[in-house]
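Participant: Task: produce atomic coordinates for the following.
(one chain, ligands or ions: 1)
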Amino acid sequence: MHNARPTRQATRTLPARKRIALIAHDGKKRELLEWASRWQETLQQHQLVGTGTTAGKLQTHLGLNVEGLMSGPLGGDQQMGARIAEQALDVLIFFWDPFAPQPHDPDVKALLRLAALWNVPVACNAASADFILSSDYLAQDYTISIPDANTWASDRRET
Ligand SMILES: O=C(CO)COP(=O)(O)O
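Facilitator: As a prediction, the model looks like this:
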């Protein structure tokens, strides 16, 4: 019987210049903009990516250079999740709205699941985002433990 959890861990080093995702639901966009304006100088030292509307607002209102993916309800959360699975994202700042059900709730849940699985630092509100942005690790290489995908696949091949 296959063990449904990865049995072995590997490591990945998050680079000093982090790839940071910025995402907010509509009810939280103002809060994210306020937060990002406080951290603007720090944020622009890293590589930023956002879901479509969030990225557009950060560009328009703060002049931040943010790569825009699809809007969340149109697949942006899934694109961001794919970046995590491909080890191409280092920090997730996601102000999700605890008061508003989203049409794409399964996608939101999937993104948060992948972030938990791949040990990516996640902030879901301004206070936790402050902690991440003020961490010494932000501007340093930082090695994280991740599931060993090769062992997982080879174990499953043999069952
Ligand atoms: O819906 C979102 C995240 O789940 C965010 O998408 P937008 O940035 O396009 O509004």
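Participant: neighbours around Phe94, how many?
Facilitator: Counted with other C-beta atoms under 10 Å, residues neighbouring Phe94 total 25. The way it works is simple: take the backbone N, C-alpha and C, and place the C-beta from them, glycine included.
Participant: What residues does Gln59 make contact with?
Facilitator: With contacts defined as C-beta atoms under 8 Å, 6 or more residues apart in numbering, Gln59 is in contact with 65-66, 68.
Participant: I'd like the distance between Gly68 and Arg19.
Facilitator: 14 Å (C-beta to C-beta, to the nearest Å).
Participant: Show me what residue of this structure gets nearest to the ligand.
Facilitator: Gly72 (2.1 Å; C-beta to the nearest ligand atom).
Participant: My guess is Gln78 contacts Pro106. True?
Facilitator: No - between Gln78 and Pro106 there is no contact, the gap being 9.5 Å when judged by C-beta atoms under 8 Å.
Participant: quick revisit: so the residue of the chain closest to the ligand makes contact with Ala55?
Facilitator: No - between Gly72 and Ala55 there is no contact under C-beta under 8 Å: 10.7 Å.
Participant: Please name the nearest non-neighbouring residue to Gly76.
Facilitator: Thr51 (3.5 Å; C-beta to C-beta, 6 or more residues apart in numbering).
Participant: got it, and Gln44?
Facilitator: Excluding the flanking residues, the one nearest Gln44 by C-beta to C-beta, 6+ apart is Leu64, at 6.4 Å.
Participant: in what helix or strand does that neighbour lie?
Facilitator: Using DSSP states H and E, Leu64 sits in no helix or strand.
Participant: Count the neighbours of it for me.
Facilitator: Neighbour count of Leu64, defined by other C-beta under 10 Å: 20.
Participant: Wait, it touches Gly56, no?
Facilitator: No - if you go by C-beta under 8 Å, Leu64 and Gly56 don't touch, sitting 10.7 Å apart.
Participant: buried stuff in stretch 101-111?
Facilitator: Using 16 or more other C-beta atoms under 10 Å as the test for burial, stretch 101-111 gives 102, 104, 107-108, 111.
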